Structures are given as structure tokens and as C-alpha cells.
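> how would this look folded up:
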Amino acid sequence: MAEQKMNQAVEEISVTKSDLRTIFWRSFCHEASYNAERQQALGFAFTLTKLLKKLYKDDKEAYVEACKRHTEFFNLTVQITNFVVGIVTALEEKNAKSQDKNMGPTISAVKSALMGPLAPIGDTFFWGCFRIVAASVGATLALKGNLLGPVLFASGNQDPLAACSSHKTADIICQSIHRTGKRAVLESWSEKKVA
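Predicted coordinates for the structure are as follows:
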């Protein structure tokens with residue numbers, strides 16, 4: 001009977017579309033508390049705080065451990081940070097549903113492992129290509145007297161994600177990243193069980 005109640009409580013812990021939307025909108029604050037020691041760690045923790053409270057509402061020790069885990073060093077191009085956040089969200093959900101909640105080191109390792117390969121991609125695309133192309137097209141249009149020129153120039157030099165995203169796009173992106181992360185977690189766990 002007690003095992004059945006435990007299984008039912010574990011089933012109730014899940015990430016919803018509303019949670020993913022909240023995570024997306026909170027992710028715009030990634031660099032709001034940027035510091036030299038841990039860089040975007042506090043922003044990353046802020047992004048996940050509401051979800052962590054929901055996932056670990058009955059286990060204060062696991063919640064504190066998760067908060068500590070997400071204040072470890074983190075630095076990534078802000079526009080692509082949500083890829084990592086989506087995978088971490090799926091891992092945290094899996095950890096919250098497990099009996100022993102021992103995936104902390106795995107979650108930290110995944111975050112660290114994704115920073116290296118994703119940072120150059122984001123930096124190259126958003127700061128090396130997108131911004132320069134938007135600025136040059138905007139300047140050309142402005143020189144010809146087109147009012148769209150300064151708008152394009154300014155939006156290309158600000159946060160491209162904020163300039164290009166809509167609520168519907170955010171919903172689709174967050175859901176697909178979460179599903180992808182969930183799939184990756186399930187595949188890695190099934191590989192470990194087979195081996």
C-alpha cells in the first residue's frame with residue numbers, strides 16, 4: 001500500500017507546458033546577475049528555481065542540493081542556453097521521480113559537457129554572423145532612406161533571440177528541447193541497464 005502511494009506521488013511529479021513557458025521567460029535573465037567567479041550560474045539557477053520547487057516540494061534536502069548544483073560555474077552564449085536548460089529540465093524531472101535522487105553528479109556533468117561544444121557555435125552564429133549581417137543590411141537600408149534600416153540595425157545588435165521570438169515560437173522550442181532531453185536521458189539510462 002505504501003509503495004503504491006509512493007509510485008502515485010512520483011507519477012504526479014512532471015514538467016508541464018506551463019513550466020516550460022515559465023522557464024523560457026525566466027531564461028531572459030541569464031546575464032542579469034553575471035559575475036566573474038561563476039558567470040551565468042545565478043541566472044541559470046533563477047531560470048529553474050520555480051521548477052525545482054515543484055519537483056522537490058516534499059524533499060527539502062534534494063531541493064537545496066539541486067539549487068547548489070545550479071549555482072556551479074556556467075557560461076554559454078545566452079541565445080542557445082535554453083538547449084542546455086531543456087536537457088537539464090528533463091534530467092531534473094527524472095531525478096525527482098527516482099527513489100534515491102542520486103543523479104546530481106550526472107546533471108552537473110551534462111551541463112559542463114555541453115558548454116564547451118555549444119559556446120563556439122553560439123558565439124560564431126550570433127556574434128560573428130547574425131549581428132554583422134543585420135548591421136550591414138540595416139546600414140545599407142538606412143543609407144537609402146528606408147526606416148527599416150535603423151530598426152534592423154538595432155535589433156541585430158541587441159539580443160537576437162528577444163528580437164526574433166514570439167510566444168508561440170517559445171512554446172514550440174521549449175517543448176521540443178524538453179522532449180529531446182527526455183529522450184536522451186531515457187536512451188542513456190537504457191544503455192546503462194543493458195551494459
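
> Where does S18 sit, in terms of helix or strand?
Using DSSP states H and E, S18 sits in helix 17-26.

> which strands and helices sit next to that helix?
Under the contact criterion of 3 or more CB pairs under 8 Å, 6 or more residues apart in numbering; DSSP states H and E, helix 17-26 touches helix 41-55, helix 81-97, helix 167-194. Any C-beta I mention is one placed from the backbone N, CA and C, and that applies to glycine too.

> quick check: angle from the second one to helix 17-26?
This points to helix 81-97. With axes from the mean of the first three to the mean of the last three CA atoms, to 10 degrees defining the directions, helix 81-97 sits at 140 degrees from helix 17-26.

> Now do helix 81-97: which elements does it pack against?
So helix 81-97, by 3+ CB pairs under 8 Å, 6+ apart, packs with helix 17-26, helix 41-55, helix 60-69, helix 104-122, helix 167-194.

> Which elements pack onto the helix or strand following the fourth one?
The C-terminal neighbour of helix 104-122 among helices and strands, as given by DSSP H and E, is helix 131-143. Helices and strands touching helix 131-143, as assessed by 3+ CB pairs under 8 Å, 6+ apart, comprise helix 148-157.

> and the helix it packs on, which residues are buried?
Across helix 148-157, burial judged by 16 or more other CB atoms under 10 Å covers 149, 152-153, 155-156.

> Now it - C-alpha only, CSV.
The C-alpha coordinates for helix 148-157 follow below in CSV (Å, rounded to 0.1, in the frame of the first residue of the first chain):
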residue,chain,number,x,y,z
LEU,A,148,13.5,49.7,-41.6
GLY,A,149,17.3,50.1,-41.7
PRO,A,150,17.8,51.5,-38.2
VAL,A,151,15.3,49.0,-36.8
LEU,A,152,17.2,46.1,-38.4
PHE,A,153,20.5,47.5,-37.3
ALA,A,154,19.3,48.0,-33.6
SER,A,155,17.6,44.6,-33.4
GLY,A,156,20.7,42.8,-34.8
ASN,A,157,22.9,44.5,-32.2
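
> Just give me the residue right at the centre of the chain.
V85 (2.1 Å; CA atoms, centre = their mean).

> Quick check: that one touching F46?
No - taking contacts as CB atoms under 8 Å, V85 lies outside contact range of F46: 11.1 Å.

> Kindly provide the distance from the closest residue to L148 other than its chain neighbours to A119.
Leaving out its chain neighbours, the residue that sits closest to L148 by CB to CB, 6 or more residues apart in numbering is L141, at 5.6 Å. Noted for L141: a distance of 31 Å to A119, by CB to CB, to the nearest Å.

> Who has more neighbours out of the two?
L141 (17 against 14; other CB atoms under 10 Å).

> what angle do the helix holding S18 and helix 41-55 make?
Between the axes of helix 17-26 and helix 41-55, defined by the same axes, to 10 degrees, the angle is 160 degrees.
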